[in-house]
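Participant: below are the sequence and a predicted model; questions follow.
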Amino acid sequence: MPWYQLEDVNDPKLDELARQYKLHPLHIEDARSSDESVKVDSGPNYTFAVFKPVHLEPDPDSPGEERPAFSPIDIFAGKDFLITISDPKCSATQEALARARRDGNDEQPARLVYLILDTIVDLYFPAIDHFDDRIDALEDAVIDSPTPQVLQRVFALKRELIDLRRVLVNTRDASLHLQRDPDTIVDAEYQPYVRDIYDHVARLLDSVETQRDLLNNVLDIYLSSVANRTNEVMKVLTVLGTIVLPSLAISGIYGMNLKGLPFEDSPHGAEWVGGIMVVVTALLLFVLRKLDWL
């Protein structure tokens, strides 16, 4: 059985294969679309599938960290041919194709499709573990130093989880289609294996939902930490304002040049007034200390 492995969707070889195997123009258009979602569609003579393996790449917004990225792989699987179109730079895709070449049977396209999809789904587990590590780091960061940069990392991670969940939901629907559609290339022999893939995707989705809840908790902790810090700052400012209030009142009265004020004609009037301000401030500090406000 011929297996055509293309590395570019714009390869003229794809047009030749489309004419040779009567591939539907809409499927060719989907394969060449840059934003096509995960899907499985069955034609009269073949099954067309789009999967999205995940791999980790450096995050340009956070030096030293990695983020998940998706690179589509398009598959045309007939009874006597297999066409795959994938990015040769994607390590996850190359691992899936390598396993299919190593463990597959060239005479059984259904087995090759199963091996490719199974490897793609298995590679989502390390990505889930990567999210767990990043969430743990964010939990420590929001407690130790809840800065705006930490908040940006929280929202960036939420967006990445949304993208991951969208791909996993579509992958789950695609595996369900392979199970239930009698026209797909996956026959009864490989249906149990596809059901196992479906179970793995369902477990991955449960993990993503758990991580979204954890991330919401991280956001709540951040907001609580910021609110607590704001309250502490306001408390300090309020106490300081209360401490200097008597001194401000006394200095303000003497600053109005009113007649008949105590110590007005005394040569040591400034010292007396300053002493009174010190005594009043000390007395106020003593009262605040007793009230446990300091």
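Facilitator: Looks like it arrived, so ask away.
Participant: residues contacting Pro262?
Facilitator: Trp272 (Cβ atoms under 8 Å, 6 or more residues apart in numbering). The way it works is simple: take the backbone N, C-alpha and C, and place the C-beta from them, glycine included.
Participant: sec struct for it, please.
Facilitator: Assigned by DSSP: H, G, I helix; E, B strand; the rest coil, the conformation of Pro262 is coil.
Participant: can you tell me how far it is from Met256?
Facilitator: Separation of Pro262 from Met256 (Cβ to Cβ, to the nearest Å): 14 Å.
Participant: mind checking how far Thr171 is from Phe70?
Facilitator: For Thr171, the distance to Phe70 - Cβ to Cβ - is 11 Å.
Participant: do the same with Thr210
Facilitator: For Thr210 relative to Phe70 (Cβ to Cβ), the value is 21 Å.
Participant: who has more neighbours out of these two?
Facilitator: Phe70 (16 against 13; other Cβ atoms under 10 Å).
Participant: which residues touch the residue nearest to the more buried one when sequence neighbours are not counted?
Facilitator: The shortest distance from Phe70 to any non-neighbouring residue, by Cβ to Cβ, 6 or more residues apart in numbering, is to Lys52 (4.2 Å). Lys52 makes contacts with 38, 70-73, 120, 167, 170-171, as judged by Cβ under 8 Å, 6+ apart.
Participant: give me the domain ranges for this protein.
Facilitator: Listed domain ranges for the chain are 3-229, 233-290 (source: automatic domain parsing).
Participant: deepest of the ones you listed, which one?
Facilitator: domain 3-229 (a mean of 17; mean count of other Cβ atoms under 10 Å).
Participant: next, the distance between the ends of that domain.
Facilitator: 63 Å (Cα to Cα, to the nearest Å).
Participant: which helix or strand lies directly C-terminal to the helix or strand hosting Leu115?
Facilitator: Assigned by DSSP states H and E, Leu115 falls within helix 109-122. Reading on from helix 109-122 to the C-terminus, the next helix or strand found by DSSP H and E is helix 124-144.
Participant: what's the spacing between that next one and its chain's center?
Facilitator: 10 Å (Cα atoms, centre = their mean, to the nearest Å).
Participant: what does it rub up against?
Facilitator: Helix 124-144 is contacted from outside by 54, 56, 65-66, 68, 150, 153-154, 157, 160-161, 164, 168, 204, 207-208, 211, 214-215, 218, 221-222, 225, using Cβ under 8 Å, 6+ apart.
Participant: ok, then the element right after that helix?
Facilitator: Next helix or strand after helix 124-144 toward the C-terminus (DSSP H and E): helix 148-180.
Participant: same question for that following helix, mean pLDDT?
Facilitator: The pLDDT scores in helix 148-180 average 90.
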